[in-house]
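**Student:** Provided below are the primary sequence and the corresponding predicted coordinates.
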Amino acid sequence: MRATLRLGRIRGIELGAHWSVLVIGGLLAFGLSGGVVDGVLWAVVVPTVLLFLGSLLAHELGHSLVAQRNGMRVRGITLWMLGGVAQLEGRMPTAGSEFRIAAAGPAVSYLLAAGFFGLWNVAGALGAPDLVGQAFEWLAFVNIVLGTFNLIPAAPLDGGRILASAVWGVTGDRTRAEVVATRVGQGFGALLIALGVLGTVVRVPYVSLWTALMGLFVYRTATVELAHARFEGLFGDRTVGDVMTPEPETVRGWMTVQSYADELTTTPARHRALPVLGWDGTILGVVTLDRLARVPIAQRTSIRVQDVALPMSMVGTATPDEKLLATAGRFALGELGLLLVFDADRLAGIVTQSDLHDAPTAVVATATPVV
């Protein structure tokens, strides 16, 4: 989730909000006011909505600050329509760290609920207008709901992280723990979707299409995290250099397509995708045999290989010492499904899908079986 509004920085953590926060803020304000146009009412409603959004931010800051204390880097926090997201970099150091980081968010929400409950009582004792007391009461209630909902043991919710930390602590297997938590998350998300749709049809109180939307978010996020957990289980701490094909075959970009086709008749290419060299020895891009074959026969003597190649802007790249996990998303760049590996601006290797399929065999032999 990319922030579209910057809110500042705390302890080196970038704070931002997605544009959808304006939508949820407007809907909340309209719902709390009942659509009534009243200056006094809106003078209370608007600060209440801002305090609610501040509560979401505080919840995520709880995660982030504890993550920093446990040696993790926090890229930023983004508020959006369905809550907030703290972007933590790297893997959880230990099961205990994962528990502390996950539990920090709900703990902050419960502390805020206690604070707003206290303000509600103070407002009543001081004879403040009923609207002010009701605002504090509502804020206390929603923070209790926020903390409690997040404790449901289903990833990506905080309770799912706590469940994962418990399974990890008992079994010693990080991957098994994440698979269990994300599987539960998928089931919980599917349940929310079903309840949301059914509740809308038969008019079940407190259940609506909003519930289904929450369920869809939980299910999709859990599915993504399940795939990541399995990928992590296969490759662990392996680096790009561990699986790459070193010194890959290249093709001279200034050759015509026909000239290269003539070469292939005597020296077949070892790979279907080939890095393309420029005159100065730099890599201009990657060309596939399929792209070359699609060039019309009549034009092959005038079109150069580099004219057909995909530019480097459409090719994923990596360095030999990078972790494979960190490069997973780059394989989807362009249409190739590969990475070019550079070491100090020198083409050192190439990683293809077949390299990834062959690599796990060495990992699975030393890993605990995953259910």
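**Tutor:** Right, received. Where do you want to start? Since we're looking at a predicted model, the values are computed, not measured.
**Student:** From the domain annotation, what segments belong to each domain of this protein?
**Tutor:** The record's domain parsing of the chain by automatic domain parsing lists 5-235, 240-364.
**Student:** For residue 10, give me its contacts.
**Tutor:** Applying CB atoms under 8 Å, 6 or more residues apart in numbering, we find residue 10 in contact with residue 61. All C-beta spots, glycine's among them, are computed from the backbone N, C-alpha and C.
**Student:** pLDDT weak spots in the stretch 201-350 of the chain?
**Tutor:** Scanning the stretch 201-350 of the chain with the threshold set as pLDDT under 70 gives 236, 328-329, 331-335.
**Student:** Which stretches in it count as helices?
**Tutor:** For the stretch 201-350 of the chain, the helices defined by DSSP state H, counting those that start in this stretch occupy 209-235, 240-243, 257-266, 289-293, 305-308.
**Student:** what comes up buried for the longest one?
**Tutor:** Same thing as helix 209-235. Across helix 209-235, burial judged by 16 or more other CB atoms under 10 Å covers 211-212, 214-219, 221-222, 225-226, 229, 231-235.
**Student:** about what we covered before: point out the most buried one among the domains of the chain.
**Tutor:** Each of these was scored by mean neighbour count; the highest is domain 5-235, a mean of 18, by mean count of other CB atoms under 10 Å.
**Student:** can you tell me the distance between the two ends of that one?
**Tutor:** 36 Å (CA to CA, to the nearest Å).
**Student:** What distance do you get for residue 188 to residue 179?
**Tutor:** 15 Å (CB to CB, to the nearest Å).
**Student:** let me redo that: residue 107
**Tutor:** Separation of residue 107 from residue 179 (CB to CB) stands at 26 Å.
**Student:** now residue 349
**Tutor:** According to CB to CB, residue 349 stands 31 Å off from residue 179.
**Student:** And for residue 15?
**Tutor:** According to CB to CB, residue 15 stands 32 Å off from residue 179.
**Student:** Which residue ranges of the protein form strands?
**Tutor:** 5-10, 13-17, 73-80, 83-89, 245-246, 251-252, 273-277, 283-288, 310-311, 316-318, 338-343, 346-352 (DSSP state E).
**Student:** Could you export the ones you listed as JSON lines, including distance to residue 157?
**Tutor:** What follows is the strands of the chain, written out as JSON lines (distance: least, CB to CB, whole Å):
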{"stretch": "strand 5-10", "distance to residue 157": "24"}
{"stretch": "strand 13-17", "distance to residue 157": "21"}
{"stretch": "strand 73-80", "distance to residue 157": "16"}
{"stretch": "strand 83-89", "distance to residue 157": "10"}
{"stretch": "strand 245-246", "distance to residue 157": "41"}
{"stretch": "strand 251-252", "distance to residue 157": "50"}
{"stretch": "strand 273-277", "distance to residue 157": "41"}
{"stretch": "strand 283-288", "distance to residue 157": "41"}
{"stretch": "strand 310-311", "distance to residue 157": "40"}
{"stretch": "strand 316-318", "distance to residue 157": "32"}
{"stretch": "strand 338-343", "distance to residue 157": "33"}
{"stretch": "strand 346-352", "distance to residue 157": "34"}
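**Student:** For residue 359, give me the pLDDT.
**Tutor:** In this model, residue 359 is scored at 57, pLDDT.
**Student:** so who does residue 97 touch?
**Tutor:** Contacts of residue 97 by CB under 8 Å, 6+ apart are 70, 71, 72.
**Student:** Once you drop chain neighbours, what's closest to the last one?
**Tutor:** Nearest in space to residue 72, with sequence neighbours left out and distances taken as CB to CB, 6 or more residues apart in numbering, is residue 88 at 5.4 Å.
**Student:** That neighbour reaches residue 73, doesn't it?
**Tutor:** Yes. Between residue 88 and residue 73 there is a contact under CB atoms under 8 Å: 7.4 Å.
**Student:** Alright, calling it a day.
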